[in-house]
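> Test case, fold it:
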Amino acid sequence: MTATLNSLMATGLALAASAGWASSFVRARRERRQFAAQLHNARQAAATDALTGLPNRAALTARLADLAGTGGWCLAMADLDHFKTINDTLGHGTGDRVLSATAARLAETLPEAMVARLGGDEFAIILSTGLDGALPLLEHAVAAVARPQQARGLQLTVGCSVGVADYTPGMASAELMRRADTALYDAKQTRGRAAAWTSETTPPVPTPTERRQTRPRPPHTPVHA
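This next block holds a predicted model:
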């Protein structure tokens, strides 16, 4: 009887220990999954624009780095026409709604592209095509953005201008963005259209402040007592 009781007790202890180990294993696995989910969410948040849900500047920079050295794609820069007037007259809340609606329209009309918000009313678009294929897509996106929007009981019409430049392997991202910005400047001369960069595209004239910032400093001449 005693031997049987001891055997049962030993079995019970073994089962309890086994159950405890299994419980610890399940708990540890659940905690690892929770940590992985939190890490994924943190990374997503770091690469996502909080207002529009689009990829942000950091995500765009990473994507440009991934594409470096490959061909067959181009970069477009876009911003809204007269957005400051809406922001100043109707308030930042209305301005935010306009930005969100614009972001949604760009993403919907360019489903194969990466549409990122750089900040303010500035957007960047990576298209997996050359200029000939990109321009019709961007013109379609410009037309979609121009459709009237409802905000605070008003019907608002917001224009959009876009500049696009073709990437060639070996080109620095800064140069590609400069070309797209130059094409955007060209598009904004008449507004509401998409323009492609060419070697003939006129760069924007620097402002007096920009000229002062880029003007070479005179050499320092030591003053002798």
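> can I assume Y185 sits in a strand?
No. The assignment for Y185 (DSSP: H, G, I helix; E, B strand; the rest coil) gives helix, which keeps it out of a strand.
> my read: it touches W197, true?
No. Counting by CB atoms under 8 Å, Y185 does not reach W197; the two are 10.0 Å apart. C-beta here means a position set from N, CA and C on the backbone, and glycine is covered the same way.
> Between those two, which contacts overlap?
Common contacts of Y185 and W197 (CB atoms under 8 Å, 6 or more residues apart in numbering): G163.
> higher neighbour count, the two?
A count of neighbours by other CB atoms under 10 Å puts W197 above the other of Y185 and W197, at 24 against 18.
> and the more buried one, what pLDDT?
Looking at W197, its pLDDT reads 95.
> Surely it touches L184?
No. In this structure W197 lies outside contact range of L184 using CB under 8 Å: 9.1 Å.
> okay, and the common contacts of the two?
If you check W197 and L184 against CB under 8 Å, 6+ apart, the residues they both contact are G163.
> Buried residues, stretch 191-205. List them.
By neighbour count with 16 or more other CB atoms under 10 Å, stretch 191-205 contains the buried residues G192, R193, A194, A195, A196, W197.
> Could you do stretch 124-131 as well?
Buried positions in stretch 124-131, judged by neighbour count with 16+ other CB under 10 Å: A124, I125, I126, L127, T129, L131.
> quick one: which of those residues is nearest to V145?
Closest to V145 out of the buried residues of stretch 124-131 is I125 (11.9 Å), distances taken as CB to CB.
> That closest one falls within a strand, correct?
Yes. Counting by three-state DSSP, I125 falls inside a strand.
> Averaged over its residues, which helix or strand of the protein has the lowest pLDDT?
helix 208-214 (a mean of 42; mean pLDDT, DSSP states H and E).
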